[in-house]
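Chemist: Generate a structure from the sequence data that follows.
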Amino acid sequence: MRALGWLLLLGALALAVVLGVMVGAVPLSGGRVVAALWDGLSGQGYDPIVWQIRLPRVLMAVLVGAALGTAGAVYQGLFRNPLADPYLMGAASGAAFGATLALSLAGSLSGAYAHTVAERWPASVPLFAFAGAVGAVVLAVVLAGGVARRYNLILAGVVVGSVLTGLTTYLMMQDADRVRAVFSYTLGNLAFSGWSDVRRLALYLLAALLPLFFFGRALNALQLGDAVAHTLGLPLAAVKAFLILGATLATAAAVAQVGIIGFVGLIVPHTMRRLVGEDYRALLPASALGGAVLLVLADLLARVLVRPAELPVGVVTTMLGGPFFLYLLRRQRA
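Modeler: Model prediction:
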């Protein structure tokens, strides 16, 4: 069954990538997409629609989905809470505050700029968003008194997130045009991802995600409780600190590039458990693949639901994730 699950995941990802490249203002056939991909990889020339417009967007969705799916699985295992997600410790609120601060420092936004901000925000926004997300999690850890206090970490994350949300709202209210800019960021947008963005995010995720895949055995031990994990020789403080660091960096890098996309890290780990089981050595890479598939398909829906306009992809994932969250709550109560 697990082998079949892996085959289904890889096949779904390949199909999602091809569909993501096919769909757009100019529809492309599957044969043309496959041929264009092959020609580009073999150096025989490239189709500009495929290689310059659609493929970077699809690959960005793959990377962001993989980051959020893996981070969600790590947080659910670390906190032993099925409702945990990558934004549990305030990363989303920190990123939104950082982005808003960058827009504030950029000065008052013109009316014309307010209409194009959804297409490309200032270069300082991803940097400030990354710093805000990481800073929010670090502050939550400090307020909780360290990584060993699991429930204090959750409460500290809630407090930090609430405070930063209030500060973000205050900054937004200073300029009416800034409200549109910040909303554009907080709803998530993959539309204008380029190859430079893909390369930048890939480097971050290589450093953040790859080491996490080797901590599956440690997460398995943590499911038995801290006391049992300690008797098995697990250095709890160091392991928890590394897991939080890796998941935070992956989440911060993703939201810094494309904005805040919700529910991916909540939905994917639960779905992947049905395919590959509870063993985190398999669940972490499966969550990366599942997150990539989900976000590529969600972005595909964002492009076709309100043609010729586009929905922010965060709206689509919220519409999918809201009912799923209610299902989890009902299941928990049962």
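
Chemist: The lowest-mean-pLDDT helix or strand in the chain: what's the following helix or strand?
Modeler: The helix or strand of the chain with the lowest confidence, counting by mean pLDDT, DSSP states H and E, is helix 111-116 at a mean of 40. Remark: after helix 111-116, the chain's next helix or strand is helix 124-144, criterion DSSP states H and E.

Chemist: Give me the mean pLDDT for that next one.
Modeler: In this model, helix 124-144 has a mean pLDDT of 91.

Chemist: cool, and stretch 17-33?
Modeler: Rounded mean pLDDT across stretch 17-33 is 86.

Chemist: Quick one: end-to-end length of it, please.
Modeler: Stretch 17-33 has its terminal residues 10 Å apart, counting by C-alpha to C-alpha, to the nearest Å.

Chemist: Show me which residues of that stretch are buried.
Modeler: 17, 18, 20, 21, 22, 23, 24, 28, 33 (16 or more other C-beta atoms under 10 Å). Any C-beta I mention is one placed from the backbone N, CA and C, and that applies to glycine too.

Chemist: Equivalent analysis for stretch 60-76, please.
Modeler: For stretch 60-76, the neighbour count (16+ other C-beta under 10 Å) marks 60-76 as buried.

Chemist: Just the CA trace of that stretch, in CSV.
Modeler: What follows is stretch 60-76, C-alpha atoms only, in CSV (Å, rounded to 0.1, in the frame of the first residue of the first chain):
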residue,chain,number,x,y,z
MET,A,60,7.2,28.3,-7.3
ALA,A,61,3.9,26.6,-6.3
VAL,A,62,5.8,23.3,-6.0
LEU,A,63,8.4,24.8,-3.7
VAL,A,64,6.0,26.8,-1.5
GLY,A,65,3.6,23.8,-1.2
ALA,A,66,6.5,21.5,-0.2
ALA,A,67,7.7,24.0,2.4
LEU,A,68,4.3,24.5,4.0
GLY,A,69,3.4,20.8,3.9
THR,A,70,6.7,19.7,5.5
ALA,A,71,6.6,22.5,8.1
GLY,A,72,3.0,21.6,9.0
ALA,A,73,4.0,17.9,9.5
VAL,A,74,6.9,19.0,11.7
TYR,A,75,4.8,21.2,13.9
GLN,A,76,2.1,18.6,14.3
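
Chemist: tell me the SS of the most centrally placed residue in the chain?
Modeler: Nearest to the mean C-alpha position of the chain, counting by C-alpha atoms, centre = their mean, stands residue 68 at 3.3 Å. Assigned state for residue 68: helix (three-state reduction, DSSP: H, G, I helix; E, B strand; the rest coil).

Chemist: which residues touch it?
Modeler: Residue 68 makes contact with 86, 250, 251, 254, 261, 264, 265, 268, 291, 295, according to C-beta atoms under 8 Å, 6 or more residues apart in numbering.

Chemist: got CSV for those residues, with neighbour count and distance to residue 147 too?
Modeler: As requested, these are exported to CSV (neighbours: other C-beta atoms under 10 Å; distance: C-beta to C-beta, whole Å):
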residue, neighbour count, distance to residue 147
86, 31, 16
250, 30, 17
251, 34, 16
254, 34, 22
261, 32, 26
264, 32, 24
265, 31, 19
268, 29, 24
291, 32, 24
295, 33, 29
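
Chemist: tell me which of these is nearest to residue 226?
Modeler: Nearest to residue 226 among the contacts of residue 68 is residue 86, at 22.1 Å by C-beta to C-beta.
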